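In: Return a 3D structure for these sequence lines:
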Amino acid sequence: MLSIEEINQYQRHLSLPSFGSVAQEKLKCASVLVIGAGGLGCPALQYLSAAGVGKIGIVDNDVVESSNLQRQILFSRDDVGKFKAEVAALKLSRMNPFIKIQAHVVRFTVENAESLLDGYDIILDGTDNFSSRYLINDASILFDKILIYGAIYQFEGQLSVFNYKDGPTYRCLFPNPPSSAALPNCSEVGVLGVLPGIIGNFQALEAIKVITQIAEPLSGKVLLYDALTQKSQLLTLKPQKRSREITELKENPVNCSTNLDNEMITEIMPQDFFKMIKENKEILVVDVREDWERGISKISPSVHIPLGEFTSIEGPPLPIESKDSNILIYCKAGVRSRMACESLENKGFQNLFNLSGGILNWEEQGLPLN
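Out: Modelled structure (predicted):
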């Protein structure tokens, strides 16, 4: 039964035809585990909490960073450095004191999957990498949980409901993890700030539909959304029996770097990179990041040529002509610079060095920045 305070809080739901107190009480009795309190998790958590889902778990071992604030609007600058799960649980409890919210400051793993899922009916996947998605999918199958899936990339999003009444699973959509060469870089790919809000809210909506049965959820369908054109497509997805043949959980490691089998390109660690710069004044050091990134910090001496210029027909405007010259290239995490090296290798350059781990690794080693 709903208390007087709950009736006042949920009155707009109670006034809805075909919803009313019956659906609201279903929400009160429901439990949802949200894995990932980031771009997707934040909006989903806010609306599940506001809707009155009785028990919500939050799994995330990351802390709030300033770069999160562009899209993770549950957090503020005062939260930087604090655990996302704990901050989210505190703020959501203040918003709705009639529900139970539990923070799990851990990473979702093979070892803790069963214990984390215990006591929850629905999993909402708010993660941003293939390894976690496959693990969460397999756990939902093994422990018989409904999975609300969402994913975003730059200006596009995907949404579906998996493992619902013998419907399709994530492996019906993506049977196997992609090869590393087919992946965008995990740490450097951008996203339009409002997009995770849209997809995360869609995920919350699907969870509410599953709980209340007010409409048919997106089981057997995949919604594709383009934020730039405001167009969406609805694809049909058929269940594959093989996708349910999960007998045990295992990690699905996915390497986000590009193919390293190239003799013309040498992966070089920061200390060796630094030594080469100091000992050979003829070496060309190239920063392929964007202007705003270089404005924050840079390795000196270096010239600035954004990666986009390496894809032009004329090639990048290098201040050298000899294709035997030593060229050291860096970016944020080592992927864009690798792509730049490969572009130059295709143009005949032979002595190419890529800073492994990028400027992030350089900074971790305590090497000088300007």
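
In: Can you list the residue ranges for helices in the chain?
Out: Using DSSP state H, the helices of the chain run over residues 4-9, 11-14, 20-29, 41-51, 84-95, 113-117, 130-142, 170-173, 194-212, 270-279, 291-296, 336-346, 358-364.

In: wait, what's in contact with the nearest residue to residue 20 once chain neighbours are set aside?
Out: In this structure, residue 20 finds its nearest non-sequential neighbour in residue 14, 5.6 Å apart by C-beta to C-beta, 6 or more residues apart in numbering. Just so you know, the C-beta spots here come from the backbone N, C-alpha and C atoms, and that holds for glycine as well. Counting by C-beta atoms under 8 Å, 6 or more residues apart in numbering, residue 14 makes contact with 7, 20-21, 24.

In: which of those residues are buried?
Out: Neighbour-count burial (16 or more other C-beta atoms under 10 Å) applied to these gives residue 24.

In: And the contacts of residue 14, which is closest to residue 320?
Out: Nearest to residue 320 among the contacts of residue 14, counting by C-beta to C-beta, is residue 24 at 69.3 Å.

In: any idea how far residue 251 is from that closest one?
Out: Residue 24 sits 40 Å away from residue 251 when distances are taken as C-beta to C-beta, to the nearest Å.

In: So residue 36 sits against residue 60, correct?
Out: Yes - the criterion here is C-beta atoms under 8 Å, and residue 36 meets it with residue 60 at 5.8 Å.

In: The residue nearest to residue 20 and residue 177, how far apart?
Out: 45 Å.

In: would you list the helices of the chain in JSON lines and tack on distance to residue 64?
Out: Listed next are these as JSON lines, based on distance: least, C-beta to C-beta, whole Å:
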{"stretch": "helix 4-9", "distance to residue 64": "28"}
{"stretch": "helix 11-14", "distance to residue 64": "31"}
{"stretch": "helix 20-29", "distance to residue 64": "28"}
{"stretch": "helix 41-51", "distance to residue 64": "10"}
{"stretch": "helix 84-95", "distance to residue 64": "6"}
{"stretch": "helix 113-117", "distance to residue 64": "21"}
{"stretch": "helix 130-142", "distance to residue 64": "19"}
{"stretch": "helix 170-173", "distance to residue 64": "28"}
{"stretch": "helix 194-212", "distance to residue 64": "15"}
{"stretch": "helix 270-279", "distance to residue 64": "27"}
{"stretch": "helix 291-296", "distance to residue 64": "19"}
{"stretch": "helix 336-346", "distance to residue 64": "26"}
{"stretch": "helix 358-364", "distance to residue 64": "18"}
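
In: how about residue 13, what does it touch?
Out: Here residue 13 is in contact with 19-20, 23-24, 51-52 (C-beta under 8 Å, 6+ apart).

In: Select, from these, the two members most distant in space.
Out: Among those, 20 and 51 lie farthest apart (C-beta to C-beta), at 13.9 Å.

In: Per-residue pLDDT of the spatially closest residue to residue 32 that is not a sequence neighbour, please?
Out: Nearest residue to residue 32, sequence neighbours excluded (C-beta to C-beta, 6+ apart): residue 122, at 4.7 Å. Predicted confidence (pLDDT) for residue 122: 98.

In: who's residue 122 bridged to?
Out: For residue 122, the beta-bridge partners under DSSP bridges are residue 32, residue 146.

In: Can you give me the neighbour number for it?
Out: The tally of other residues near residue 122 (other C-beta atoms under 10 Å) stands at 23.

In: Could I get the buried residue list for stretch 287-295?
Out: Going by neighbour count (16+ other C-beta under 10 Å), the buried part of stretch 287-295 is 287-290, 293-294.

In: Same check on stretch 269-289?
Out: 270, 273-274, 277, 283-289.

In: Contacts for it next, please.
Out: 268, 294, 298-299, 301-307, 310, 316, 318-320, 325-332, 336-337, 340, 353, 355-357, 359, 361-362, 364-365, 367.

In: okay, how far is it across it, tip to tip?
Out: 18 Å (C-alpha to C-alpha, to the nearest Å).

In: same question, stretch 30-49
Out: Terminal residues of stretch 30-49 are spaced 11 Å apart (C-alpha to C-alpha).
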